[in-house]
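Chemist: with the input below, show me the fold.
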Amino acid sequence: MSAALPRIAILATGGTIAGKASSASQTVGYKPGSASVQDILDSVPGLSDVAEITAVQVANIGSEDMTDHIWTKLVRETEEQLADPEIDGVVITHGTDTLEETAFLLNLILKSDKPIVIVGSMRPATSISADGPMNLLNAVRTACSEKSVGKGVLVVLNDEIHGARDVTKTNTTNCSTFASPRLGALGFVTGGIVDFYKASVKPHTTQTQFTSALLNGSDLPLTDIIYAYANEDSRLIEASAATGAKGIVYAGMGNGSVHINALKGLREAIEKGVIVIRSSRAGSGAVVDSAPEWTEAGMINGGTLNPQKARILLQLCLASGLGREEIIEVFNRY
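Modeler: Predicted coordinates:
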């Protein structure tokens, strides 16, 4: 007798992979989150030969509309599935706009070594050469693989397997948009074969100090991203601090460089107790100590985390009640 197939829970949240357009040639201007999870499953030939599927519709949105409330619902459902001894792994279908943020959040708070894979697509389900069905098939294959156990939250698109910490969307419309700048993919799905070539050494899932209890039904601490630019001033920084922000991620130029016109506002925000992380708008590379006045003002280096991921890590630190020195240590480790 053949061995029983792995049991995989597919949790759907909408996105382009569930999107519909008015014609098969339309790849922009479609409506994301139009198809149900069953519609998506029905579009993938051979899926039933790979795994026994359980499907749950958690949400059906364009991921640009992701909220803390939906994150909480997704986390609760994911935890429930992971706790089931009969479930071997979880696959989450997701829109690509905030896919990397959801992946990183889950990577920091879920407590399981079971494979957790997030997948999306760049073309709607109605499109010629829609990439969603193959992406989903490869995501399920990855979730079924023993090689994926203990690797943290994974992102699978375009035959590539990326780690949640480093992956980012790099192109507005291209199917090869997801990449891990400088650091590269963890593995690939080639001809249906899942293989890994490396793993992240940063803490994830069972190795982190954060738990889903931080998502207690209310929003995470208000944290803003302020983008640096030529001839910048402090208006947005001042407005952020004045309207209740507990943290600010400053997406600086180059190595997190701070415009001289923004420095006063950031100093004043720090003096009011706002935690400020220096990140970069450059797209890759680490933010490390540079001009002494930025460090002396109390800004914290964001390392290689991009601004949107630095924001999530800072929110979890703030929700945990960590002080500035503890947050510095977290950003150095994570």
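
Chemist: low-confidence stretches in the stretch 151-300 of the chain?
Modeler: In the predicted model of the stretch 151-300 of the chain, no residue satisfies pLDDT under 70.

Chemist: residue 22 and residue 126, how far apart?
Modeler: Using CB to CB, to the nearest Å, one gets 8 Å for the distance from residue 22 to residue 126. All C-beta atoms are positioned from the backbone trio N, CA, C, and that covers glycine.

Chemist: all helices of the protein, in order?
Modeler: When secondary structure is read from DSSP state H, the chain shows helices at 37-42, 47-50, 68-83, 99-109, 132-144, 235-242, 260-271, 292-296, 307-319, 324-333.

Chemist: okay, buried residues for the longest one please.
Modeler: Neighbour counts over helix 68-83 (16 or more other CB atoms under 10 Å) mark 70, 71, 72, 73, 74, 75, 77, 78, 79, 81, 82 as buried.

Chemist: go ahead and name everything in contact with it.
Modeler: Under the contact criterion CB atoms under 8 Å, 6 or more residues apart in numbering, helix 68-83 has outside partners 9, 11, 13, 54, 56, 58-59, 61, 87, 90, 92, 102, 105-106, 109-110, 112, 114, 116, 212, 215, 217-220.

Chemist: mind running it again at 6 Å?
Modeler: 9, 11, 56, 58-59, 87, 90, 112, 114, 212, 215, 219-220 (CB atoms under 6 Å, 6 or more residues apart in numbering).

Chemist: and the second one, by the same measure?
Modeler: Taking CB under 6 Å, 6+ apart as the criterion, the residues outside helix 47-50 that touch it are 140, 141.

Chemist: so for that helix, mean pLDDT?
Modeler: Throughout helix 47-50, pLDDT has a mean value of 97.

Chemist: ok, back up a step: deepest of the helices of the chain, which one?
Modeler: Among the helices of the chain, the stretch with the highest mean neighbour count (mean count of other CB atoms under 10 Å) is helix 99-109, at a mean of 26.

Chemist: which two of the buried residues of helix 68-83 have the greatest separation?
Modeler: Pairwise distances across these peak at 18.3 Å for 70 and 82 (criterion: CB to CB).

Chemist: now do the strands in this protein.
Modeler: Under the criterion DSSP state E, the chain carries strands at the ranges 7-14, 52-61, 89-93, 116-119, 153-157, 160-163, 168-169, 178-179, 187-190, 193-196, 223-227, 247-252, 275-280, 300-301.

Chemist: out of the contacts of helix 68-83, which is most surrounded?
Modeler: For these, the largest number of neighbours (other CB atoms under 10 Å) sits with residue 90, at 28 neighbours.

Chemist: tell me the contacts of it?
Modeler: Applying CB under 6 Å, 6+ apart to residue 90 gives the contacts 9, 78, 81, 116.

Chemist: identify the residue spatially nearest to residue 288, adjacent ones excluded.
Modeler: In space, not counting the residues next to it along the chain, residue 288 is nearest to residue 301; the distance is 5.7 Å by CB to CB, 6 or more residues apart in numbering.

Chemist: ok, now which ones touch the one you found?
Modeler: By CB under 6 Å, 6+ apart, the contact list for residue 301 reads 278, 287, 288.

Chemist: number of residues surrounding the residue nearest to residue 236 when sequence neighbours are not counted?
Modeler: In this structure, residue 236 finds its nearest non-sequential neighbour in residue 226, 5.4 Å apart by CB to CB, 6+ apart. Residue 226 has 24 neighbouring residues, counting by other CB under 10 Å.

Chemist: same question, residue 200
Modeler: Using other CB under 10 Å, the number of residues around residue 200 comes to 17.

Chemist: next up, the contacts around it.
Modeler: Counting by CB under 6 Å, 6+ apart, residue 200 has contacts 163, 165.

Chemist: okay, and the beta partners of the residue nearest to residue 145 when sequence neighbours are not counted?
Modeler: Take residue 145 and drop its neighbours on the chain: the residue closest to it by CB to CB, 6+ apart is residue 194, 4.2 Å away. In this structure, residue 194 bridges to residue 189 when assessed by DSSP bridges.

Chemist: tell me which residues touch residue 194, please.
Modeler: Taking CB under 6 Å, 6+ apart as the contact definition, residue 194 lies against 141, 142, 145, 147.

Chemist: of all pairs in the residues you listed, which one is the farthest apart?
Modeler: Spatial extent of the contacts of residue 194 (CB to CB) is set by the pair 141 and 147 at 10.6 Å.
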